[in-house]
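> coords please:
(one chain, ligands or ions: 4)
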Amino acid sequence: MVASIVRTLQLNPTTLSPISRPLLFFSIPLQLRAVRRASVSMSYNRQLAAAKKAAALAACLCQKVQKALLQSDVQSKYDKTPVTVADYGSQAVVSYILEKELPSMSFSLVAEEDSEDLRKEEAQGMLKRITELVNETLASDGMADMMPLSEEDVLVAIDSGKSEGGPHGQHWVLDPIDGTKGFLRGDQYAIALALLDEGKVVLGVLACPNLPLAAVASHNQLISKDDVGCLFYAHVGTGTYMQSLDGSKSTKVHVSATENPEEASFFESFEAAHSMHDLSGLIAKKLGVKAPPVRIDSQAKYGALSRGDGAIYLRFPHKGYREKIWDHAAGYIVVAAGGVATDAAGNPLDFSRGRYLDMDTGIIVTNQKLMPALLKAVQESLKEKASSL
Ligand SMILES: Nc1ncnc2c1ncn2[C@@H]1O[C@H](COP(=O)(O)O)[C@@H](OP(=O)(O)O)[C@H]1O
Ligand SMILES: [Mg+2]
Ligand SMILES: [Mg+2]
Ligand SMILES: [Mg+2]
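Residues are numbered from 1 along each chain as shown. Ligands and ions are numbered 1, 2, ... in the order given. Next comes the predicted model:
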């Protein structure tokens with residue numbers, strides 16, 4: 001065992017002094033940990049490169065559709081939430097690219113959309129348009145020499161996302177457009193892609209085509225035409241980086257370290273139907289937050305938080321709603337550089353239990369230092385709200 005450790009660390013025990021030999025035995029666990037850390041962060045490089053390419057190309061497809069938004073491009077799903085040609089097209093592109101770029105990996109994808117509605121007679125025009133968009137997007141990345149995908153190929157790529165995930169093995173987790181309502185309004189949305197390994201999020205990429213490269217400081221959602229389009233990415237042990245979607249140099253980012261709630265503005269959903277604005281208002285007041293809420297759609301909230309725009313994200317869905325893993329997995333790892341995301345009871349989020357992310361009441365995100373005060377304000381506010389009902 002020791003011999004193999006010495007070999008791994010490229011040490012020569014015969015040249016070690018009598019003093020350093022015993023030291024070696026104490027230092028081995030430390031060095032082994034360092035080797036393991038290095039190999040853990042190294043081992044996801046191929047997946048990260050493929051994920052960045054897939055998310056950036058899917059973002060191109062979405063931008064094209066958002067520019068020419070046609071009413072016929074929108075369907076309503078069984079749960080009455082909207083879905084567009086861009087949601088399906090983005091899922092097909094990401095699924096296709098991950099499988100092509102990582103042929104040696106066994107492929108499992110947990111994704112939001114499936115092809116059931118698209119296979120219906122009345123959706124044939126929509127399927128044709130999605131197939132054109134997917135082929136144009138792949139061709140724009142030099143994949144023009146490949147055979148164009150057929151409509152059936154596109155349906156199959158979308159349905160690759162039916163995996164149940166779980167605690168074992170590796171699973172990609174994809175929200176092809178998070179914030180579809182924001183997308184339809186011309187506001188914020190994100191392509192959110194993460195990798196689970198043995199139930200833990202180990203890698204995340206968030207493409208936010210409408211997020212300004214500069215800080216988002218107010219709840220005003222107006223998009224300036226210039227300088228928008230951010231790509232955030234992180235993998236375990238390496239921190240979080242941001243670059244522009246058109247490929248600028250990456251910069252390392254981290255969550256705000258403020259300990260002063262008076263300086264800490266907070267993010268929440270634009271849609272009041274997705275999160276209780278009255279409850280977050282109460283929590284913010286108790287904590288002493290002075291700034292008004294910054295309301296934007298999608299996991300762009302996690303992206304903005306990861307670079308220190310604001311210091312808190314509060315999400316409290318109305319009773320009965322069950323969160324899904326694709327709505328949080330990429331954001332969760334992107335804020336891990338200086339931030340922590342828990343449920344309302346302070347428990348870590350558990351992505352290992354399949355497609356749903358079941359938890360106590362809501363999701364809160366902030367830095368490690370502010371978390372105890374935030375948790376206290378959350379629990380007091382929840383009690384107050386319950387007793388007023
Ligand atoms: N009633 C509800 N309560 C909470 N979240 C909801 C909801 N209905 C839909 N959502 C989720 O909220 C996500 C958008 O979050 P946000 O409010 O932060 O923009 C949606 O993602 P999609 O747009 O991918 O469907 C959807 O999964
Ligand atoms: Mg949806
Ligand atoms: Mg979503
Ligand atoms: Mg979605």
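
> Spatially central residue in this protein, please.
Among the residues of the chain, the one closest to the centroid is Ala330, at 2.0 Å (CA atoms, centre = their mean).

> So that residue: helix, strand or coil?
Secondary structure state of Ala330, per DSSP: H, G, I helix; E, B strand; the rest coil, is helix.

> ditto for Lys376
Going by three-state DSSP: Lys376 is helix.

> Might you report the residue contacts of the residue nearest to the centre of the chain?
173, 175, 190, 192-194, 201, 204-206, 299, 302 (CB atoms under 8 Å, 6 or more residues apart in numbering). Using the backbone N, CA and C atoms, a C-beta is placed for each residue, glycine as well.

> Just flag the most distant two among those residues.
Maximum pairwise distance in the contacts of Ala330, criterion CB to CB, is 15.5 Å, between Ala190 and Val201.

> ok so, going back, export the contacts of Ala330 to TSV and tack on distance to ligand 1, pLDDT and secondary structure?
Below are those laid out as TSV (distance: CB to the nearest ligand atom, whole Å; pLDDT from 0 to 100; DSSP: H, G, I helix; E, B strand; the rest coil):
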residue	distance to ligand 1	pLDDT	secondary structure
Val173	12	98	strand
Asp175	5	98	strand
Ala190	9	98	strand
Ala192	8	98	strand
Leu193	13	98	strand
Ala194	14	98	strand
Val201	17	98	strand
Gly204	16	98	strand
Val205	16	98	strand
Leu206	12	98	strand
Gln299	7	98	coil
Tyr302	9	98	helix
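
> Tell me the one of those residues nearest ligand 4?
Closest approach to ligand 4 among the contacts of Ala330 (CB to the ion): Asp175, at 4.5 Å.

> Could you verify my assumption that the closest one touches Glu323?
No. Counting by CB atoms under 8 Å, Asp175 sits too far from Glu323 to count as a contact (11.7 Å).

> higher neighbour count, those two?
Between Asp175 and Glu323, Asp175 has the larger neighbour count (other CB atoms under 10 Å), namely 32 against 17.

> which residues touch the closest residue to ligand 2 within the stretch 1-150 of the chain?
Going by CB to the ion, ligand 2 is nearest to Thr81 of the stretch 1-150 of the chain, at 4.7 Å. Each residue near Thr81 by CB under 8 Å, 6+ apart is listed here: 180-181.

> Show the pLDDT at it.
As predicted, Thr81 sits at a pLDDT of 85.

> Not counting its neighbours along the chain, what's nearest Ile363?
Nearest non-adjacent residue to Ile363, counting by CB to CB, 6 or more residues apart in numbering: Arg315, 4.3 Å away.

> what's the neighbour count on Gln75?
Neighbours around Gln75, by other CB under 10 Å: 18.

> residue ranges of the strands in the stretch 251-389 of the chain, please?
With DSSP state E, counting those that start in this stretch, the ranges of strands along the stretch 251-389 of the chain come out as 251-253, 266-268, 294-295, 312-315, 339-343, 363-367.

> Find the nearest non-adjacent residue to Thr251, please.
Met242 (5.8 Å).

> Double-check the one you found against Phe232; I have them as touching.
Yes. In this structure, Met242 is within contact of Phe232 by CB under 8 Å, at 5.2 Å.

> what sits against Lys324?
For Lys324, the contact set (CB under 8 Å, 6+ apart) comprises 112, 355-357.

> Repeat that for Leu314.
266-268, 275, 279-280, 283-284, 362-364, 378.

> Next: Leu206.
55, 190-193, 230-233, 299-300, 302-303, 330-331, 334.

> What separation is there between the residue nearest to Val201 when sequence neighbours are not counted and Gly237?
Distances taken as CB to CB, 6+ apart put Ile333 closest to Val201, at 4.6 Å, once the chain neighbours are dropped. Remark: distance between Ile333 and Gly237 (CB to CB, to the nearest Å) = 11 Å.

> Check Ser115 too.
Here Ser115 is placed at a distance of 37 Å from Gly237 (CB to CB).

> When the two are compared, which one has more neighbours?
Ser115 (22 against 13).

> can you confirm that one is in a helix?
No. Counting by three-state DSSP, Ser115 falls outside a helix, being coil.

> how close does the closest residue to it other than its chain neighbours get to ligand 3?
Distance criterion CB to CB, 6+ apart; nearest residue to Ser115, sequence neighbours excluded, is Leu155 at 4.3 Å. Leu155 is 21 Å from ligand 3, where distance means CB to the ion, to the nearest Å.

> host element of Leu155?
helix 151-159 (DSSP states H and E).

> Need the residues that contact that helix.
Contact with helix 151-159 is made by 88, 91-92, 95-96, 99, 111, 113-115, 118-119, 127-128, 130-131, 134, 149, as judged by CB under 8 Å, 6+ apart.

> let's see 7 Å
Residues from elsewhere that reach helix 151-159 (CB atoms under 7 Å, 6 or more residues apart in numbering): 88, 91-92, 95-96, 113-115, 118-119, 127-128, 130-131, 134.

> So which bits of that helix are buried?
151, 153-155, 157-159 (16 or more other CB atoms under 10 Å).

> got it, and stretch 284-293?
Neighbour counts over stretch 284-293 (16+ other CB under 10 Å) mark 284, 286-287, 289, 291, 293 as buried.

> Understood, closing this out.
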